[in-house]
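> model this:
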Amino acid sequence: MNPDRGPETTGLWLAIQQAYESGDLEGLRALAVLAELHGSAPAPLEGLAALEARRRDLEERTRALATRIAKIRGEWPFTVLPCIRDPQWAEEQRNAFREQKAAERLRRADLAQALWEVEREARNGC
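Coordinates of the predicted model:
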């Protein structure tokens with residue numbers, strides 16, 4: 001969009017966009033320093049206006065992070081955390097898994113027996 005800019009400026013701009021989209025604050029800070037050295041950083045605001053703009057930006061970022069944290073807390077594994085902390089629930093889960101394991105062992109033994117019988121019949125010519 002700006003043909004007067006060289007490939008370095010274009011690369012820097014793309015790196016800034018990628019860091020912004022991924023939420024890489026440290027990367028954005030480093031890229032801001034590079035942008036200032038490269039002469040492509042916007043002119044800083046003066047005095048109270050700068051502080052107000054910074055405050056609004058921080059408030060917006062704080063809201064976005066609070067929303068993101070709330071979303072994450074509503075997803076697994078955080079949704080099972082209360083259950084995991086409940087010893088009775090944990091013991092019930094262990095018992096259920098033990099029962100399932102025992103049932104699978106019996107099923108395996110039954111299948112092994114059935115396979116043995118099929119092999120025996122195949123050897124004997126049906």
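
> For burial, what's the neighbour tally of residue 31?
21 (other CB atoms under 10 Å). To be clear about C-beta, it is placed using only N, CA and C from the backbone, and glycine gets the same treatment.

> okay, and the helix or strand of the chain with the least pLDDT?
helix 25-38 (a mean of 76; mean pLDDT, DSSP states H and E).

> Could you pull out the buried residues of that one?
Neighbour-count burial for helix 25-38 flags 28, 31, 35 (criterion: 16 or more other CB atoms under 10 Å).

> what stretches of this structure score poorly on pLDDT?
For the chain, residues meeting the criterion pLDDT under 70 lie at 1-6, 37-46, 126.

> so where's the longest helix in it?
Longest helix in the chain by number of residues, with DSSP state H as the criterion: helix 87-123.

> packing partners for that helix?
Judged by 3 or more CB pairs under 8 Å, 6 or more residues apart in numbering; DSSP states H and E, helix 87-123 is in contact with helix 81-84.

> so how far is the helix it packs on from its chain's centroid?
20 Å (CA atoms, centre = their mean, to the nearest Å).

> Stretch 83-94 too?
26 Å.

> Residue 19: neighbour count?
The burial count for residue 19: 18, using other CB under 10 Å.

> cool, and residue 77?
So residue 77, with other CB under 10 Å, has 7 neighbours.

> What of the one 4 residues further on?
Residues near residue 81, counting by other CB under 10 Å, number 11.

> same question, residue 76
7.

> Looking at the buried residues of helix 25-38, spot the one nearest residue 103.
Of all the buried residues of helix 25-38, residue 103 sits closest to residue 28, with 54.6 Å by CB to CB.

> Work out for me the element the residue nearest to the closest one when sequence neighbours are not counted sits within.
Spatial nearest neighbour of residue 28, chain neighbours left out: residue 19 (4.8 Å); criterion: CB to CB, 6 or more residues apart in numbering. Taking DSSP states H and E as the criterion, residue 19 maps to helix 7-22.

> Any buried residues in stretch 85-100, and which?
So, applying 16+ other CB under 10 Å, stretch 85-100 has no buried residues.

> Next: stretch 15-24.
Buried, per 16+ other CB under 10 Å, within stretch 15-24: 15-16, 19.
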